[in-house]
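# output the structure for:
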Amino acid sequence: MRAENQSFPVKSRDIHNHHMDSTIWDAFRFRPDDVIIATYGKSGTTWTQQIIGQLIFGGADHVPVHEISPWLDLRVPPKDVKLAALEAQANRRFVKTHLPVDALVFSPEAKYIYLGRDGRDVMWSMYNHHSKATDLWYQVLNDTPGRVGPAIERVDCGVVEYFQAWLEKDGYPFWPFWENIASWWAVRDLPNVLLLHYDEMKRDMPGGIRRIASFLDIPIDEAAFPKIVEHCSFDYMKANAEDAAPLGGILWEGGGRTFIHKGTNGRWRDELPEALSRIYEERALAELGPDCARWLQGGHENHA
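Numbers count the residues shown, from 1 in each chain. Down below sits the predicted model:
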C-alpha cells in the first residue's frame, strides 16, 4: 500500500547553472490539478509530455507540447515571461523539470510523474543532443544574462570519452545524475508520485498510457484511444517533431528530427568497453543501493 501519512518534501536549496534557475519554483502558483513531469533528462521527458497532452486534449492532432508544457526551471525565457504564459493557460497544465526533489517546491495537490532510464542509454542520447547543437543553442545558454557558473562547452570527443567524463565528474557537463535518481526514488511511495521507467513504457506503451491516465484521473475515451496511441508513437512524433521539440527544433542540426532522435535503448552495448560499463554498474549500486540500481537498469519496480 502507498503511504498516505508520509511527510512531503520541502525545498532546501537552489540550483543554478548554464541551463537551470530553480528559483522560479518559489514564484510558481500551483493549481490543484497541475502535473509535473520530472527526469534527469533524455529519459522520455518529451514522450511523456506528448502522452499527457494527448490525454488532456483527447487525441487531437498537432498538440504543441513544446509551447504549452515548458521546462519550468530552464533559465530562458525569463521567469516573468514563462510564469505569465502558464498563468494564462485555461487547460490542465503540465510542465517538466530536471531538478532533484529538494531543489523544487513540492505541492501535495499536484501530481508528479518521474521517469528513470539506464544512465548509459541516457548518455548515448545526450551525446546526440549535445553534439548536434547549433551555434544558437550555445548562444541561448551561455550568453543570455543571468547565467551562474561556467559556460557549457562544445563537444570535442567521441561518445565513449563523453560518457567517461560524465561518469567520472557525476553529470558533467550537465548536472549530477545520482542525486537526481535517488531523490525521486526516496519519495516514490507518496500518493501523488508515480514512478515510471523508460524501458517499461517501451515494452507496453498502451498499458503505460492507461496507467498515466489512471494516476491523473483522466477518463479514457475508448473511441479516441487508438488515435492517442498513434500520436504517442515514435514514428508520429518523429514525423511531427516541430510540435514537440523546443522552438520547433531550430537549436539542433537537422531540426526537430534530431531532437526526436532514435527512441531506442542499448546503443551503448556495441561501443562502451565492458570495463567502463562495469564501473558504471558498480557506481550505481554504491550510490543508489540494490533496489534502486536494479530498477534503474530496467524497471520492474513493485508498486503494490
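
# tell me who's in contact with residue 26.
With contacts defined as C-beta atoms under 8 Å, 6 or more residues apart in numbering, residue 26 is in contact with 11, 105. Using the backbone N, CA and C atoms, a C-beta is placed for each residue, glycine as well.

# now the one 3 residues further on
For residue 29, the contacting residues are 83, 87, by C-beta under 8 Å, 6+ apart.

# swap the cut-off to 7 Å and go again
If you count contacts by C-beta atoms under 7 Å, 6 or more residues apart in numbering, residue 29 has them with residue 87.

# from residue 250, how far out is it?
30 Å (C-beta to C-beta, to the nearest Å).

# go on, residue 153?
Residue 153 is 21 Å from residue 250, by C-beta to C-beta.

# checking residue 242 next. Helix, strand or coil?
What DSSP: H, G, I helix; E, B strand; the rest coil gives for residue 242 is helix.

# wait, it sits on residue 252?
No. Using C-beta atoms under 7 Å, residue 242 is not in contact with residue 252; the gap is 11.9 Å.

# quick one: the helices in the stretch 151-300 of the chain?
With DSSP state H, counting those that start in this stretch, the ranges of helices along the stretch 151-300 of the chain come out as 159-168, 178-186, 198-203, 205-215, 225-231, 234-239, 241-244, 256-259, 274-288, 290-298.

# tell me which residues in the third one are buried?
Going by neighbour count (16 or more other C-beta atoms under 10 Å), the buried part of helix 198-203 is 198, 199, 200, 201, 202.

# thought the fourth one was touching residue 45?
No. The pair residue 201 and residue 45 fails to qualify as a contact (C-beta under 7 Å) at a distance of 11.7 Å.

# related to what we said a few turns ago, okay, residue 242 and residue 252: which has more neighbours?
Set residue 242 next to residue 252 and count neighbours by other C-beta atoms under 10 Å: residue 252 wins out with 25 against 18.

# who is that one paired with across the strands?
For residue 252, the beta-bridge partners are residue 133 (DSSP bridges).

# from residue 88, how far out is it?
Taking C-beta to C-beta as the measure, residue 252 falls 28 Å from residue 88.

# ok, now residue 273?
For residue 273, the distance to residue 88 equals 51 Å [C-beta to C-beta].

# kindly report the same for residue 26.
Distance, residue 26 to residue 88, by C-beta to C-beta: 20 Å.

# same thing with residue 181?
Per C-beta to C-beta, residue 181 is found 34 Å from residue 88.
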